[in-house]
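Enquirer: need a structure here:
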Amino acid sequence: MKCWMVRASRGSVLYDAFLEQGLVAVGWSDIGDLSDYSSIEVLREDIRRAYPEYKPVSVGTSTGMLWRLAHDMNSGDLVLTYDQTRRMYSVGRISGSYAFVPDGIPNDIVDEQYRHTRPVKWIQEVPRDDLSTPSRNQLGSLLSIFRLDASVTEEFLRIIEGSVVDAREPDEQDAEAYEDAQFDSVESRSLEFIKDMLAQLDANEMEEFVAGLLRALGYKTQVSPIGPDRGQDILASPDYLGLEDPRVVVEVKHRKGSIGSQDIRSFLGGRHPNDKGLYVSTGGFTKDARYEADRASILLKLMTSDDLVKLLVQHYESLDLETRSMVPLRKVYWPIS
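Expert: Here you go, the predicted structure:
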């Protein structure tokens with residue numbers, strides 16, 4: 001049995017569409033029905049012509065991923081996709097053959113047509129934080145499609161079935177593609193590993209971390225003592241008393257589950273007309289929660305773990321030593337070509 005990872009587009013924006021429609025899909029919309037290609041060499045030449053801006057490595061990697069989707073995946077193989085906002089993998093099984101969708105799968109999020117698909121019977125979600133460090137490291141690759149090795153396959157099988165079956169090591173082509181991904185996605189993988197570090201903080205440490213990040217942005221902060229906070233974990237303002245505008249009231253939820261609309265309504269209920277709101281949730285937000293925030297009577301910003309990490313990297317040099325010690329990082333210079 002093989003186990004595959006299929007990314008739900010950049011930023012995991014098609015994660016819900018994959019689950020709702022029972023499939024995985026990839027782009028390369030300028031490439032036609034993969035069933036019509038007699039060999040991988042013919043497909044490679046078409047990709048080279050369709051995407052002249054691609055470097056040779058990108059042509060080879062793209063060819064390999066599309067060929068795997070159409071020809072190497074088998075019914076019954078495990079397949080994963082990832083919601084990076086909620087840090088959640090969905091696990092399923094390939095349930096049928098490759099299918100070409102001329103108009104692309106239904107979605108109103110990305111412009112590119114996702115025409116190349118495989119049907120999937122989704123089984124369950126698995127939090128990234130529940131996986132071993134070696135599995136998290138391998139899943140950090142940002143290839144659109146790649147095959148996972150035996151140890152990762154067995155770990156997911158233990159989670160969903162409590163059993164282990166024979167899982168071959170990836171073949172040479174898989175290994176080469178995985179190595180290519182290390183160079184193509186160093187930055188993205190680093191950001192994911194930083195999120196792993198944030199996940200290790202407890203709730204109180206996360207509040208202190210967010211307060212430290214706000215201080216790096218120029219705010220003065222007051223962190224509420226442990227106990228009922230009445231929807232206010234942190235008060236941020238230009239002055240230490242919280243009297244000057246803009247006064248930002250901050251709620252921090254550090255948990256795996258997504259924040260829903262009722263949580264947003266509860267937070268908004270205690271706000272003053274001139275307040276600005278910041279709601280931080282490392283477990284992400286439901287669609288209803290985002291709708292509730294959009295129609296709020298005050299300006300309310302929703303922030304996920306992705307947003308926290310981006311701000312952390314941008315303003316790391318401005319953090320105080322206490323905040324840096326929570327997420328110690330080192331600047332690394334990497335050649336871009």
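
Enquirer: quick check: R290 touching L302?
Expert: Yes. Look at R290 against L302 with C-beta atoms under 8 Å: they come within range, at 6.5 Å. Every residue, glycine included, has its C-beta placed from N, CA and C.

Enquirer: looking at those two, which is more packed in?
Expert: L302 (19 against 14; other C-beta atoms under 10 Å).

Enquirer: and the more buried one, that's in a strand?
Expert: Yes. L302: assigned to a strand according to DSSP: H, G, I helix; E, B strand; the rest coil.

Enquirer: burial of the residue lying closest to V24 once chain neighbours are set aside, as a residue count?
Expert: Spatial nearest neighbour of V24, excluding adjacent residues (C-beta to C-beta, 6 or more residues apart in numbering): V6 at 4.0 Å. With neighbours defined by other C-beta under 10 Å, the count for V6 comes to 27.

Enquirer: I figured V6 hits L23, correct?
Expert: No. The pair V6 and L23 fails to qualify as a contact (C-beta under 8 Å) at a distance of 9.4 Å.

Enquirer: find the nearest non-adjacent residue to the most centrally placed residue in the chain, please.
Expert: Computing the C-alpha centroid of the chain and ranking residues by C-alpha atoms, centre = their mean puts Q84 first, at 1.6 Å. The shortest distance from Q84 to any residue other than its chain neighbours is 4.5 Å, reached at S12 (C-beta to C-beta, 6+ apart).

Enquirer: got it, and D320?
Expert: With C-beta to C-beta, 6+ apart, the residue lying closest to D320 is G212, at 6.1 Å.

Enquirer: what about the one you found, how many residues close to it?
Expert: Other residues within reach of G212 by the criterion other C-beta under 10 Å amount to 24.

Enquirer: part of a strand, is it?
Expert: No. Counting by three-state DSSP, G212 is located in no strand; its state is helix.

Enquirer: distance check, it against V120.
Expert: As judged by C-beta to C-beta, to the nearest Å, G212 and V120 stand 41 Å apart.

Enquirer: let me know the next secondary structure element after the helix or strand of the chain with the lowest mean pLDDT.
Expert: Of the helices and strands making up the chain, the lowest-confidence element is helix 172-184, at a mean of 45, by mean pLDDT, DSSP states H and E. The first helix or strand that comes after helix 172-184 along the chain, using DSSP states H and E, is helix 186-199.

Enquirer: could you list every helix and strand that that following helix packs against?
Expert: When contacts are defined as 3 or more C-beta pairs under 8 Å, 6 or more residues apart in numbering; DSSP states H and E, helix 186-199 sits against helix 133-138, helix 305-315.

Enquirer: centre of the chain to the next helix or strand along the chain from the shortest one, how far?
Expert: What that stands for is helix 133-138. Secondary structure here is assigned by DSSP H and E; on that basis, the next helix or strand after helix 133-138 toward the C-terminus is strand 145-147. When distances are taken as C-alpha atoms, centre = their mean, to the nearest Å, strand 145-147 is centred 16 Å away from the chain's centroid.

Enquirer: what mean pLDDT would you report for the helix or strand just after strand 145-147?
Expert: Heading C-terminal from strand 145-147, the first helix or strand you meet, by DSSP H and E, is helix 150-160. Here helix 150-160 scores 87 as its mean pLDDT.
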